[in-house]
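K.L.:
Using only what follows, build the 3D model:
(chains A and B)
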Amino acid sequence: MIAPILELRDVEAGYGPFRALFGVSLAVEAAEAVALVGANGAGKTTLARVASGLIAPSAGTVLVDGEEVGSGRPSAWRFVRAGVAHAPEGRSVFASLTVEENLALSFQRAFGRAGLAGALDRAYELFPRLGERRTQVAGTLSGGEQRMLSLARVLVESPRLLIADELSLGLAPMIVDQVFETLSRIRAAGTALLIVEQQVGHALELCDRAAVLEHGSITWQGPSDEAGAVLESRLFETGTAP
Amino acid sequence: MTGSADFFEDLFRGLLQGTPPGAVYALIALGFVLTYKTSGVFNLAFGAQAYISAAMYFKAHTLWGWPKWAALVVSAFVLAPLIGLVLERLIFRHLRTASAVSKLVVAIGLSVALPELFNQAARFTAVAGRQITGIMPDGSSVFYDPFGVYRFNRDELAMMAVALVATLLLAALFRFTMIGLAMRAVVESPRMTEMSGINADRVSAFAWALSSTFAGLAGVLIAPRFNSLVSTDFFTLVVIAVAAAAVGKLVSLPRALLGGLGLGWFIAVFNTFLPRWSGDHTWLRPFQENLTPSLPFVVLFAILVLWRAIGREREASDPLSGVDPPPPALAALERHPKLTLFTRLFGVGFVAVVGSVVWFRAGVLWMHLVTTAVIMAVIYLSVTVITGMAGQISLCQGTFAAIGGFTIFQMADRFNMSVLAAALLGAGVAAAVGAVLSLPVLRLGGVWLAIATLAFAFFFDAVMVKFSWVGGGTTALLTGTRVPRPLIGPIDFASDRAFLVLAVVVLVIVSIIVIQLREGTVGRTLTALRGSEVAAASIGISAARARIIAFAVSAAIAGLGGALLSMHQQNVNYSTNFGPVNALFWLVIVVALGARTVEGAIQAGAAFALFEPLILKGDLLVWILRGEDHLPGLFPLSGSWRLVLFGMMAIQFARHPEGLVEHGKRRSAARINRWLEAREGAAS
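P.N.:
Okay, the predicted model is just below:
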């Protein structure tokens, strides 16, 4: 039996004295797409951070391909090298570096010096706006452009598992459609997805499976076409009507 | 036309003459920029790191007789990067998300602690008069004269070559290599760098090893310029080099090189022509005599204040800073009423016991020390106001205190003014200077404000003190800066006991003022500003007004304290009490023991005066064991251990801005609170 790409076993995590997750277990199989839904403050972002090694769980284990990574210390770079990439929420770019330097930081490690130019071209093809601004310092980009930049970084790399936290936040509806199109494309190419999204409609459409997070625990898991009804019965603010 | 030919020849000679010191400034500025760029730390401990390598080189080559290359390798390429790695692993790795000001305080703590730590560990003492040799064979005795106007020696040429080559290599490192890009990325956000698949810990360890190697190399190269190795000389050089680094806004290496050279040229040319002009125009003469030594500090201050681009740069904030939040402050602690009662009773009891022991039993020495402790507590309350309440780092509190002391000296000496009136006047003068100084520097904010105040302190030290209307001029050299004790009606404060009472009264009054200020509108305003300047501005708070008040009040308190200290010692004793480097230790000790509270300042005052005799010299142990004499063998420890200890404690500032002792007290108070509540819960 092949181990799932990512598996969380009884994970507890939080910040300082504050607990955000209580005994969460979740697995993402190869080429599977999982939507993580829940109300504000349910612990979605914390789960995404634990799953990508940004924060270490205080109890439980996080396994990549069945093996523990980072031995209990936060070490996102090991996760990235194992093929688990994370597009964090918000404007996660290096404000003092140029657009090209932001991208090169990831691409040169992933594709080597030789593959760098090709990877940059693919990023600019995906978001032509970035190509126009390649020498501009990222801190001076608009909010939407910064989102594009942090997305371009992970989308071009096409990791084995992409954890995407609030992708649609701050993007124009047209761009959101385009982003989800790209997601379904890299999904078809074999990348597994773990999608955290307030805009539930889009996410459920894309994913096979959904997990509902409430007060730091997973309270429901199942096929995503059943999730809409479950969410409505639990009176979530679903953003778009299912 | 010979006049004009002479002029150009002199100008040329001045430029050549300015090149070697310019290369010194450039070397340090380069290292400073390198550290800032790769670690985000405004590293005032750079001088301390340079000092350690220079001292190691001196010890290995001059004292142990090692060959030069071996001494250079060990001091600059083994010891220096090792220190950098240790600093990164133990301290700065955990401070990546801390604010620039917190990191500055940590660096100041290190600059106090590191040189003493090395001196104690390596049993190194500054040897005056022993020639410090450079790295080149016959470095100081073989000269080259390429243009026929100025002779460079070999060491100077080596230094200039290293500065140039280092600039080129480092610029190439940042432009063309991945590690250069990764180092800049880690400074901004270590977590995001990791999400690009890069091991941030390894990158920042490399960055610290690299910049520390550079610090060590700079230290060894510039050491021959000093007569003896003293860590404070290195610190002063770093402060000057900040001017050169500021020219490149702390990020551009080529501009730092040019800034350093430019500074050297400017000073040399100025020194070439000013004496000549002042020969023709006598009114220039006092300027020439006084300005020359302080020129670097004037330039630094001018760059900081006049160059608008500085200080406007906002720190690029880490988008993932929420991943490693700072530990929650225990500030809003609800105290159990029983605990409050108990601590108050304990406080009163402690003061009563210690007071009566001092009053009835203490001899002249202990009376003197306790009075010093009380007065230092007054001075430290000025740090409480500016750093604890306003959140600003001022490094010229010593200068404000000196202004208080000098005012008494001048008023009593010249006009026979009442000493207490002169003390109040001194506080007023200090407040006025503080307010005026705050106008140009407040715009800077944060780290730059600290540097500007430091430049002001050095300027005061180099220029103002020498004026007869401030420091007494030549008269003071002959007779000292004598200050009488006050006399009110029948009470003559020449008696040490009476003076102690006066000092305690002043401390109580100043404490009440500080508490009133903290609880009042100004205090609340400052708390809001400390939290978020933008948020405060959005609810209509004027940052400038509140900060000017804080600066002025802080300066006044320091001035009053300085006046008291001068009365106590019956002399201003400027350089031992109030020199610019002393004020660094003041900041360190207050920050270590509690910068937010009045008790913190009092603890710091007590620690300043009493820690060394009581703890380090072992007198407390002797009393407890009821011994007859000092303990031989085990004690005494050297007094400089207090620099190491408090410097190390100040390093905790980033994690516990309220002070380490204060943090511990609050934690135990919280624990007792819980226990009391649990007991009451069980009873009911």
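K.L.:
Tell me how far the closest residue to chain A within the stretch 451-600 of chain B lies from B:I541.
P.N.:
Minimum separation of the stretch 451-600 of chain B from chain A (CB to the nearest CB) falls at B:V534, amounting to 16.2 Å. Heads up, the C-betas are built off the backbone N, CA and C, glycines and all. Remark: distance between B:V534 and B:I541 (CB to CB, to the nearest Å) = 11 Å.
K.L.:
Among these two, which residue is more densely surrounded?
P.N.:
A direct count of neighbours by other CB atoms under 10 Å in any protein chain shown for B:V534 and B:I541 places B:I541 higher, at 16 against 9.
K.L.:
Verify the contact between the more buried one and B:L529 for me.
P.N.:
Yes: counting by CB atoms under 8 Å, B:L529 is a contact partner of B:I541 at 6.7 Å.
K.L.:
The residue of the stretch 451-600 of chain B closest to chain A: which element?
P.N.:
helix B:533-538 (DSSP states H and E).
K.L.:
With only the CA atoms kept, save stretch A:51-68 in CSV.
P.N.:
Provided in CSV are the C-alpha atoms of stretch A:51-68 (Å, rounded to 0.1, in the frame of the first residue of the first chain):
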residue,chain,number,x,y,z
ALA,A,51,0.7,20.7,6.9
SER,A,52,3.5,22.7,5.2
GLY,A,53,5.9,22.7,8.1
LEU,A,54,5.7,26.4,8.9
ILE,A,55,4.8,25.5,12.5
ALA,A,56,5.6,22.4,14.3
PRO,A,57,2.8,20.5,15.9
SER,A,58,2.9,20.4,19.7
ALA,A,59,1.5,16.9,19.7
GLY,A,60,0.8,14.3,17.0
THR,A,61,2.8,13.8,13.8
VAL,A,62,2.9,15.1,10.2
LEU,A,63,4.0,12.5,7.7
VAL,A,64,5.1,13.2,4.1
ASP,A,65,5.1,9.9,2.1
GLY,A,66,4.8,8.1,5.3
GLU,A,67,7.8,9.6,6.9
GLU,A,68,8.1,12.3,9.6
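K.L.:
now check it, is it near chain B?
P.N.:
Yes: counting by CB under 8 Å from any CB of the partner chain, chain B is contacted by stretch A:51-68 at A:52-55.
K.L.:
what mean pLDDT does that stretch have?
P.N.:
The average pLDDT within stretch A:51-68 is 89.
K.L.:
what comes up buried for that stretch?
P.N.:
A:51-57, A:60, A:62-65 (16 or more other CB atoms under 10 Å in any protein chain shown).
K.L.:
what stretches of the stretch 551-684 of chain B score poorly on pLDDT?
P.N.:
Within the stretch 551-684 of chain B, the segments meeting pLDDT under 70 span B:618, B:621, B:623-639, B:684.
K.L.:
which residues in it form helices?
P.N.:
Assigned by DSSP state H, counting those that start in this stretch, the stretch 551-684 of chain B shows helices spanning B:574-578, B:580-593, B:598-611, B:619-624, B:641-650, B:660-683.
K.L.:
Over to chain A?
P.N.:
Using DSSP state H, the helices found in chain A span residues A:44-51, A:76-81, A:99-126, A:128-132, A:143-157, A:173-188, A:200-206, A:224-233.
K.L.:
For residue 203, give me its contacts.
P.N.:
Assuming you mean chain A. A:35, A:37, A:195, A:197, A:210 (CB atoms under 8 Å, 6 or more residues apart in numbering or on different chains).
K.L.:
You answered for a different chain; I wanted chain B.
P.N.:
With contact set as CB under 8 Å, 6+ apart, B:V203 has these partners: B:179, B:182-183, B:186, B:193.
K.L.:
repeat that for 10 Å
P.N.:
With contact set as CB atoms under 10 Å, 6 or more residues apart in numbering or on different chains, B:V203 has these partners: A:77, B:38, B:178-179, B:181-187, B:190, B:193-194.
K.L.:
swap in B:W208?
P.N.:
Counted by CB under 10 Å, 6+ apart, B:W208 has contacts B:35, B:38-39, B:41, B:43, B:81, B:83-89, B:91-93.
K.L.:
Got a quick ChimeraX command for the buried subset of those residues?
P.N.:
Selecting just the buried residues from the contacts of B:W208 in ChimeraX takes one command, with 16+ other CB under 10 Å as the test:
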select /B:35,38,39,41,43,81,83,84,87,88,91,92,93
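K.L.:
Just name the closest of the contacts of B:W208 to B:G647, please.
P.N.:
B:I91 (11.5 Å; CB to CB).
K.L.:
Ends of stretch B:530-542, what's the gap?
P.N.:
13 Å (CA to CA, to the nearest Å).
K.L.:
in terms of contact, does B:G347 touch B:E599 like I think?
P.N.:
Yes: with contacts counted by CB atoms under 10 Å, B:G347 reaches B:E599, the gap being 8.4 Å.
K.L.:
Which one's more surrounded, the two?
P.N.:
More crowded of B:G347 and B:E599, by other CB under 10 Å: B:E599, with 19 against 11.
K.L.:
quick one: contacts for that one?
P.N.:
B:343, B:347, B:377, B:384, B:511, B:593, B:659, B:661-662, B:665.
K.L.:
What subset of those residues is buried?
P.N.:
B:377, B:384, B:511, B:593, B:659, B:661-662, B:665.
K.L.:
Let me see the contact set for residue 114.
P.N.:
Answering for chain A, as no chain was given. A:Q108.
K.L.:
oops, chain B please
P.N.:
By CB under 10 Å, 6+ apart, the contact set of B:L114 is B:45, B:47-49, B:51-52, B:83, B:87, B:231, B:643-644, B:647-648.
K.L.:
Quick check: which of the helices of chain A is nearest to B:S418?
P.N.:
So among the helices of chain A, helix A:143-157 is nearest, using CB to CB, at 65.0 Å.
K.L.:
low-confidence ranges in chain A?
P.N.:
A:1, A:234-242.
K.L.:
neighbours around A:T140, how many?
P.N.:
A:T140 is flanked by 12 other residues according to other CB under 10 Å.
K.L.:
how close does A:S75 get to A:E32?
P.N.:
Computed with CB to CB, the distance linking A:S75 and A:E32 is 24 Å.
K.L.:
for B:G180, same thing?
P.N.:
For B:G180 relative to A:E32 (CB to CB), the value is 39 Å.
K.L.:
With B:A669 instead?
P.N.:
52 Å.
K.L.:
Please apply the same query to B:A26.
P.N.:
From B:A26 to A:E32 the distance is 58 Å (CB to CB).
K.L.:
Also B:V383?
P.N.:
Taking CB to CB, one finds B:V383 at 59 Å from A:E32.
K.L.:
So these two - more neighbours on which side?
P.N.:
B:V383 (27 against 18).
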